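Peer 1: Sequence plus predicted model, see below.
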Amino acid sequence: ADAQHGLDLGNQRFTPRRTALPLHPAKALIFSSYARHDNYAARILDACAREGLNAEAAGEQVGRLLRVPESVLPGYDIVFAKGRCALEALAAGCAVIVCDRDGLAGIVTNDNYARFRRFNFGRSLMDRRIDGASLAHEIAKYDAATQPSIAERTRRDADLETLVDGLLQVYRRVIAEWAEQEPPSAREGARAVAGYLKLVTRQMWDQ
């Protein structure tokens with residue numbers, strides 16, 4: 001599992017959307033810094049058009065940065081994203097299909113949320129190619145009725161203040177435990193640092 005992203009929910013950010021999602025999706029957004037009109041995003045746009053969805057893209061490479069995403073995301077029914085972008089879209093109340101240039105994981109549901117969250121909605125989950133049939137299959141799973149509970153779960157689970165408090169508790173516990181033990185040898189210390197660097201490298205690669 002990866003170190004989990006958190007969201008700054010201060011100042012009423014990512015509050016519940018004012019209107020419910022429509023029974024049938026109408027608007028979709030590709031939310032990614034990797035999206036371009038000549039890569040995987042083109043296949044998503046094509047699949048959305050075939051499914052009757054009006055789709056757009058936002059991200060650095062399409063020249064549309066969402067500097068205040070919580071003010072824009074609620075205008076879309078389905079968002080195609082990974083990592084933090086997926087988390088922000090979920091918190092905003094959108095249905096989210098986890099995918100990016102690395103592949104497709106699928107739509108986030110109450111059943112798979114815990115697993116997807118554990119792996120940060122990231123690359124480790126993307127085990128399928130992005131093609132028309134796979135995208136249509138995931139779009140068909142859209143369920144407006146379940147999204148409010150997933151959005152609330154996301155806001156509760158990803159609250160940055162709560163995550164930081166949890167980390168501080170872990171640090172205090174580890175410090176207290178180590179204070180009662182003999183200090184590690186130089187070899188043991190080097191082995192621990194190497195293990196940590198390996199873990200961090202893998203997590204950075206998976207973002």
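Peer 2: Received the coordinates, thanks. Model, not experiment: these values are computed from the prediction. Numbers count the residues shown, from 1 in each chain.
Peer 1: so where do the helices sit in the protein?
Peer 2: Along the chain, counting by DSSP state H, helices occupy 40-50, 69-72, 83-91, 113-118, 132-139, 147-157, 160-179, 186-205.
Peer 1: any idea which of those helices is most buried?
Peer 2: Greatest average neighbour count among those goes to helix 83-91 (a mean of 26), per mean count of other Cβ atoms under 10 Å. Using the backbone N, CA and C atoms, a C-beta is placed for each residue, glycine as well.
Peer 1: Any buried residues in stretch 24-34, and which?
Peer 2: For stretch 24-34, burial by neighbour count (16 or more other Cβ atoms under 10 Å) applies to 25, 27-32.
Peer 1: what's next to it, contact-wise?
Peer 2: 40-41, 44-45, 48, 52-61, 66, 69, 73, 75-82, 85-86, 88-89, 94-95, 100-101, 139, 142, 144 (Cβ atoms under 8 Å, 6 or more residues apart in numbering).
Peer 1: Show me what the closest residue to Tyr76 other than its chain neighbours bridges to in the sheet.
Peer 2: Using Cβ to Cβ, 6 or more residues apart in numbering and skipping the chain neighbours, the partner closest in space to Tyr76 is Leu29 (4.3 Å). Beta-bridge pairing of Leu29 under DSSP bridges involves Glu56, Val79.
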